[in-house]
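Colleague: What follows is a protein structure lacking sequence information:
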């Protein structure tokens, strides 16, 4: 499937783009991590076909939670990780994916909150059904 490459955006907002038919399709742990990140950032209630879908991490941090200086934020992040893990495992039941792209486990390896910059660095440990593991960091 071709990727879309944005070439320019003019002052009126018109976008010029082209399809990049040589775009590399990611596989394995990279594809798994991409699906996990997208699930983390998706806000529940924004998909009318799956109203409960999404971890809501972005809206939690920069919306109702009051920012990363909220003392409850790390506990809330842990709940988001549990929700994302459950939803990813449920989602892959209806899609044919190779074992290297199927989530077996997702846990927090480290969560760091920098109050001065309002930044959250979340390092998660991913395990695929193929037995591969990886540590990946999400910065918000």
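Modeller: Sure thing, it's come through. The structure presented is a predicted model; accordingly, all values stated were derived computationally and were not measured.
Colleague: Report all helices and strands that the host helix or strand of residue 19 contacts.
Modeller: Per DSSP states H and E: residue 19 is located in strand 15-20. Other elements packing on strand 15-20 under the criterion 3 or more C-beta pairs under 8 Å, 6 or more residues apart in numbering; DSSP states H and E are strand 3-9. For the C-beta atoms, the positions are set from N, CA and C on the backbone; glycine is no exception.
Colleague: so which strand or helix has the residue nearest the centre of the chain?
Modeller: What sits nearest the mean C-alpha location of the chain, by C-alpha atoms, centre = their mean, is residue 37, with 1.2 Å. Using DSSP H and E, residue 37 sits in helix 28-41.
Colleague: Quick one: end-to-end length of stretch 18-29, please.
Modeller: End-to-end span of stretch 18-29 (C-alpha to C-alpha, to the nearest Å): 28 Å.
Colleague: which residues are contacting that stretch?
Modeller: 1-5, 7, 34, 98, 100-101, 126, 128, 132, 134 (C-beta atoms under 8 Å, 6 or more residues apart in numbering).
Colleague: out of those, which are buried?
Modeller: Among the contacts of stretch 18-29, those classed as buried by 16 or more other C-beta atoms under 10 Å are 100-101, 126, 128.
Colleague: Rebuild those as CSV, extending it with distance to residue 87, pLDDT and secondary structure.
Modeller: What follows is the buried ones among the contacts of stretch 18-29, written out as CSV (distance: C-beta to C-beta, whole Å; pLDDT from 0 to 100; DSSP: H, G, I helix; E, B strand; the rest coil):
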residue, distance to residue 87, pLDDT, secondary structure
100, 20, 96, helix
101, 16, 96, helix
126, 14, 95, strand
128, 16, 97, strand
